[in-house]
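Chemist: Sequence first, predicted model second:
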Amino acid sequence: MAKEEQKRSIWELVICLILVVPMLWGLHSCCNNRAEKPKRPTKESAWTYAQSYVTQYLKSPSTADFGSWRQSASRCVKDDGDGLVTVRGWVDSQNSFGATMRTHFVVRLQFMAHSGTWELLGMPEFK
């Protein structure tokens, strides 16, 4: 009789685990998948976006050099508030004749919270 009760207890435990574990997993997943926090703008993401946009206007985009360690997001990106930033920097790239030229630029961006991306405000200024 004791063996039958032990087998019954084991089966009850197995059935309980089969039913309870998926419920707990679902509850855990449900609680962790609440509405995600909106993506936040960072100076680094604005700097990267500005670089990619400026590169599109170069005669030789593959030669673009944004100065790596000499320029950084903390130096080049100014937070204007309300998701607006101004990015000022320079890029060295080859012109049509193969000569490397330095071009200064100003790009104005707005962070779009609903999509988590940057939107260009107007055309970039080149000097």
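Modeler: Structure's in. What do you need? If you're wondering where the values come from, they're calculated on a predicted model, not measured in any experiment.

Chemist: Packing partners of whichever strand or helix holds Val87?
Modeler: Val87 is part of strand 84-94, with elements assigned from DSSP states H and E. Contacts of strand 84-94 with other secondary structure elements, assessed using 3 or more CB pairs under 8 Å, 6 or more residues apart in numbering; DSSP states H and E, are made with helix 43-55, helix 73-76, strand 77-81, strand 100-112. The way it works is simple: take the backbone N, C-alpha and C, and place the C-beta from them, glycine included.

Chemist: chain center to it, what's the gap?
Modeler: When distances are taken as CA atoms, centre = their mean, to the nearest Å, strand 84-94 is centred 20 Å away from the chain's centroid.

Chemist: any idea how this protein splits into domains?
Modeler: 1-34, 43-126 (automatic domain parsing).

Chemist: how about those in JSON lines, adding mean pLDDT and mean neighbour count?
Modeler: Written out in JSON lines, the entries for these read as follows (pLDDT from 0 to 100; neighbours: other CB atoms under 10 Å):
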{"stretch": "domain 1-34", "mean pLDDT": "60", "mean neighbour count": "9"}
{"stretch": "domain 43-126", "mean pLDDT": "93", "mean neighbour count": "15"}
